[in-house]
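Novice: got a predicted structure here, sequence first:
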Amino acid sequence: MAANIRYLYNSDTGIECIYCVNSNISYPLHNHISVLTIGIVLEGTVVLTSNQGTRAYGKNDMFIVLPYEPHIISADKNYTMLSLCIDKNIIKQYPADMIYNNIADLLTNVPNIEEVNRCRIMRLLKQQDMLVDFSDWKYGNPSPLINDLKCLLELFPEIAVSIDEMARKAFISKFHFIRRFKAEVGLSPHRFQIQNRIRKAQRLIHQIETITEVALTTGFYDQSHFIKQFEKCVGLSPMVYKSSSDIICGDTAG
């Protein structure tokens, strides 16, 4: 298993599992677009820094990151952890038991995960009932002034648009635009766009033949710049990520 990490994305349910085994990868400041993230530490320790402060999580600990909530995950030593990334609309539309069943089915497709760990993960999830109905998202509901630009960068991150242009569209100065965007979305406009380009690349990497084509399709001016940003965001090179990930189809939550 390349780099001891396996990514498995279910295109029907919108649930992604990221299974890190004896990994020491840390992730810089980022957020997850419209996705609720549940982290389950199986071995070792990771440190989560978010709006709630900084806390270390050890064996059998769980943490939750709300959609758009900026956070950092760091580790000094190796850890084993499973992260579940679940589209917030799935949580709002379907009963928890149905989602748990979908998670259990998805876990059976994760290579190299032991049955004991699958059972352990499901037991921890159900014991703490992590799938609650979050009705008030701290991030993800920006003002109308910022919302159109946020949606544009989510849907079409590859577009060439400068900070000056975005500020003009928002009818405020560049300085105030950057500060307001970060306050309402959680990241600076530039970081938010780069992050979404990389997320789009993660989906396209299985559909487009070469890394250069993926880079150009997602708005990067050359392959080396793309690789540098990909490694910074994901912790792996594009080719290693490709060999470590799969997209599957299965029954939807409904």
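Specialist: Received the coordinates, thanks. Residues are numbered from 1 along each chain as shown.
Novice: quote the end-to-end distance of stretch 181-190.
Specialist: 10 Å (Cα to Cα, to the nearest Å).
Novice: same question for stretch 46-55.
Specialist: Terminal-residue distance, stretch 46-55 (Cα to Cα): 9 Å.
Novice: for that stretch, buried residues please.
Specialist: Neighbour-count burial for stretch 46-55, counted by 16 or more other Cβ atoms under 10 Å, picks out 46, 48, 50. Yep, even glycine has a C-beta here, placed from its N, CA and C like the rest.
Novice: tell me how far the last one lies from residue 117.
Specialist: Looking back up the chat, that one is residue 50. 25 Å (Cβ to Cβ, to the nearest Å).
Novice: residue 33 is in contact with residue 68, correct?
Specialist: Yes. Assessed by Cβ atoms under 8 Å, residue 68 is found in contact with residue 33 at 6.9 Å.
Novice: who's in contact with the helix or strand harbouring residue 229?
Specialist: Following DSSP states H and E, one finds residue 229 within helix 223-234. Contacts of helix 223-234 with the rest of the structure, by Cβ atoms under 8 Å, 6 or more residues apart in numbering, involve 27-28, 30, 194-195, 197-198, 201-202, 211-212, 214-215, 218, 220, 236-238, 241.
Novice: which positions in it come out as buried?
Specialist: 223, 226, 227, 229, 230, 233, 234.
Novice: check stretch 164-172 too.
Specialist: 166, 167, 170, 172.
Novice: any chance of a markdown table for these, columns pLDDT?
Specialist: Shown next, in a markdown table, are these (pLDDT from 0 to 100):
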| residue | pLDDT |
| --- | --- |
| 166 | 89 |
| 167 | 90 |
| 170 | 84 |
| 172 | 89 |
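Novice: tell me which of these is nearest to residue 187?
Specialist: Nearest to residue 187 among the buried residues of stretch 164-172 is residue 166, at 13.4 Å by Cβ to Cβ.
Novice: ok, the closest one - contacts?
Specialist: Residues near residue 166 by Cβ under 8 Å, 6+ apart: 149, 177, 181, 189.
Novice: show the subsequent helix or strand relative to the helix or strand hosting it.
Specialist: In the assignment (DSSP H and E), residue 166 maps to helix 163-170. Helices and strands here follow DSSP H and E; after helix 163-170, the next one along the chain is helix 174-185.
Novice: and the pLDDT at residue 51?
Specialist: For residue 51, the pLDDT comes out at 83.
Novice: wait, it sits on residue 65?
Specialist: No. Judged on Cβ under 8 Å, residue 51 makes no contact with residue 65 at a distance of 9.9 Å.
Novice: so for these two, which residues contact both of them?
Specialist: residue 71.
Novice: returning to what we had before: for the contacts of residue 166, which single residue is the most surrounded?
Specialist: Using other Cβ atoms under 10 Å as the neighbour criterion, residue 181 leads the contacts of residue 166 with 27 neighbours.
Novice: so what's the backbone phi/psi at the nearest residue to it once chain neighbours are set aside?
Specialist: Using Cβ to Cβ, 6 or more residues apart in numbering and skipping residues adjacent in sequence, the residue nearest residue 181 is residue 189, 4.9 Å away. When read as degrees, to the nearest 10, the backbone of residue 189 gives phi -60, psi -40.
Novice: hang on, the earlier thing: in helices, which of the buried residues of stretch 46-55 fall?
Specialist: Taking DSSP state H, every one of these sits outside helices.
Novice: for this structure, give me the ranges with low pLDDT.
Specialist: The chain contains residues with pLDDT under 70 at 1-3, 128, 130-142, 250-254.
Novice: so the residue most central in space within it: helix, strand or coil?
Specialist: Centroid-nearest residue in the chain, with Cα atoms, centre = their mean: residue 32, separated by 4.4 Å. Here residue 32 is recorded as coil under DSSP: H, G, I helix; E, B strand; the rest coil.
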